[in-house]
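Q: turn this into a model:
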Amino acid sequence: MENGETQRRISIDPQICSGKPCIRGTRIMVKNILGMIAGGYTIEKLLEAYPELARADIIAALDYASQVIDEEKVIWRA
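A: Numbering: from 1, shown residues only. Below is the predicted model:
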């Protein structure tokens, strides 16, 4: 997915969900999508759970998370 497409689909607004990244126009946070996928949900199951989302919204959430991880320095704790 193009970075511009991800930026169009992900919104960060301090007035919505305390500034947590959300799918634009919703209060569905990127972390909720990631948590559901980590818990075994498929994209199809996510679309059933959130009919207001498009497949591209879920891909944008994954792409956004990938970009954030790529920018972070990971420090492993013992």
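Q: what strand or helix carries residue 44?
A: For residue 44, the element it lies in under DSSP states H and E is helix 43-49.
Q: which secondary structure elements does that helix contact?
A: helix 30-38, helix 55-71 (3 or more C-beta pairs under 8 Å, 6 or more residues apart in numbering; DSSP states H and E). To be clear about C-beta, it is placed using only N, CA and C from the backbone, and glycine gets the same treatment.
Q: now that helix: buried residues?
A: 46-47 (16 or more other C-beta atoms under 10 Å).
Q: gap between that helix and the chain center?
A: How far helix 43-49 lies from its chain's middle: 14 Å, per C-alpha atoms, centre = their mean, to the nearest Å.
Q: please shift the residue numbers so they start at 873 in all later answers.
A: Let's use 873 as the start, then, which means that last one is helix 915-921.
Q: how many neighbours does residue 893 have?
A: 20 (other C-beta atoms under 10 Å).
Q: what's the separation between the closest residue in space to residue 882 that isn't next to it in sequence and residue 943?
A: Distance criterion C-beta to C-beta, 6 or more residues apart in numbering; nearest residue to residue 882, sequence neighbours excluded, is residue 936 at 4.8 Å. Using C-beta to C-beta, to the nearest Å, residue 936 is found at 11 Å from residue 943.
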